[in-house]
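*Asks:* Generate coordinates for the sequence data below:
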Amino acid sequence: MNALHWKLVIDATDPHAQAAFWAAALGYVEEDHSALVGRLLGFGAVPAEATQTVHPGTPEERLGWHGLAGIRHPEDPVSEENGAGLGRRVLFQRVPEEKTGKNRLHLDVHPAPGTRDAEVERLEKLGAAVLRRVAEQGGEWVVMTDPEGNEFCVS
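*Replies:* Sure thing, here's the model as predicted:
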């Protein structure tokens, strides 16, 4: 069997804000779907309410999908047709409800040795919060939450 291509999909109430946070947190790149969005709008294939202006009033202002935003590893290839990453990728999809329980799946972030505390501080400045610090026989890590309350660990 061949290995499968995959992406991680995360529910969000604000996909573009989550994409901006996680792109900054991981050193990833926000996907730019503006060419596809503009083309489909021009053909009348999608309604305007399916789109939104992303990063309004900034040099990064562009059209995007109202319900979806993606980030990708900066070294991975990109589809010229739709702007989506073709490798390591996280997609945020809009859902109407807020997060209510503990994650069943989470990311572990691994900064360079000896830089965990500095990384935690950097992530807090981006909008993350420390949930708890863990020191067990198997290691130490910090459990944090992203701006929408999704848990992740910095080890």
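*Asks:* Contacts only, for residue 31.
*Replies:* Neighbouring residues of residue 31 by CB atoms under 8 Å, 6 or more residues apart in numbering: 19, 69-72, 78, 83-85, 89. For glycine as for every other residue, the C-beta is placed from the backbone atoms N, C-alpha and C.
*Asks:* Put together TSV for these, with neighbour count, secondary structure and pLDDT on each row.
*Replies:* Conversion of these to TSV gives the following (neighbours: other CB atoms under 10 Å; DSSP: H, G, I helix; E, B strand; the rest coil; pLDDT from 0 to 100):
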residue	neighbour count	secondary structure	pLDDT
19	25	helix	98
69	27	strand	98
70	27	strand	97
71	27	strand	98
72	23	strand	97
78	17	strand	95
83	19	coil	92
84	17	coil	93
85	21	strand	93
89	20	strand	96
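*Asks:* May I see these organised as TSV, with distance to residue 109 added?
*Replies:* Formatted as TSV, the contacts of residue 31 follow (distance: CB to CB, whole Å):
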residue	distance to residue 109
19	16
69	20
70	19
71	14
72	17
78	23
83	25
84	23
85	19
89	16
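*Asks:* Now the residue of the chain positioned farthest from its centre: phi and psi?
*Replies:* Largest separation from the mean C-alpha position in the chain: residue 137, at 31.4 Å (CA atoms, centre = their mean). Main-chain dihedrals, residue 137, degrees, to the nearest 10: phi -60, psi -30.
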